[in-house]
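[1] Using only what follows, build the 3D model:
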Amino acid sequence: MLTYFLETFMPIPISYSYRNLLARRLTTFLTAARMALVVFLFAAVAKVPA
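    Alright, predicted model coming up:
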């Protein structure tokens, strides 16, 4: 099954990815902001002494 996947896998062109990120600026920004918030919260919780 894995060999079939590797033989038929076609990566998405980089230009397609960048074009979509630019076309969906608000969604891209909100996703990045939420990911940053999650990382910040994990770091903040990890620093709290037990």
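
[2] Who are the packing partners of the lengthiest helix in the chain?
    Counting residues, the longest helix in the chain under DSSP state H turns out to be helix 25-47. Here helix 25-47 touches no other helix or strand, going by 3 or more C-beta pairs under 8 Å, 6 or more residues apart in numbering; DSSP states H and E. Quick note: C-beta positions are derived from backbone N, CA and C, even for glycine.

[3] Now do it: distance to the chain's middle.
    How far helix 25-47 lies from its chain's middle: 11 Å, per C-alpha atoms, centre = their mean, to the nearest Å.

[4] Alpha carbons of it, as CSV, please.
    In CSV, the C-alpha atoms belonging to helix 25-47 read as follows (Å, rounded to 0.1, in the frame of the first residue of the first chain):
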residue,chain,number,x,y,z
ARG,A,25,-4.9,36.5,3.2
LEU,A,26,-7.4,36.8,6.1
THR,A,27,-7.7,33.1,6.6
THR,A,28,-4.0,32.7,6.3
PHE,A,29,-3.4,35.4,8.9
LEU,A,30,-6.0,34.1,11.3
THR,A,31,-4.5,30.6,11.1
ALA,A,32,-1.0,31.8,11.7
ALA,A,33,-2.2,34.0,14.6
ARG,A,34,-4.1,31.1,16.2
MET,A,35,-1.0,28.8,15.9
ALA,A,36,1.2,31.4,17.5
LEU,A,37,-1.3,31.8,20.3
VAL,A,38,-1.4,28.0,21.0
VAL,A,39,2.5,27.9,21.0
PHE,A,40,2.5,30.9,23.4
LEU,A,41,0.0,29.3,25.7
PHE,A,42,1.9,26.0,25.8
ALA,A,43,5.1,27.8,26.5
ALA,A,44,3.5,29.9,29.3
VAL,A,45,1.9,26.8,30.9
ALA,A,46,5.2,25.0,30.7
LYS,A,47,7.0,27.8,32.6
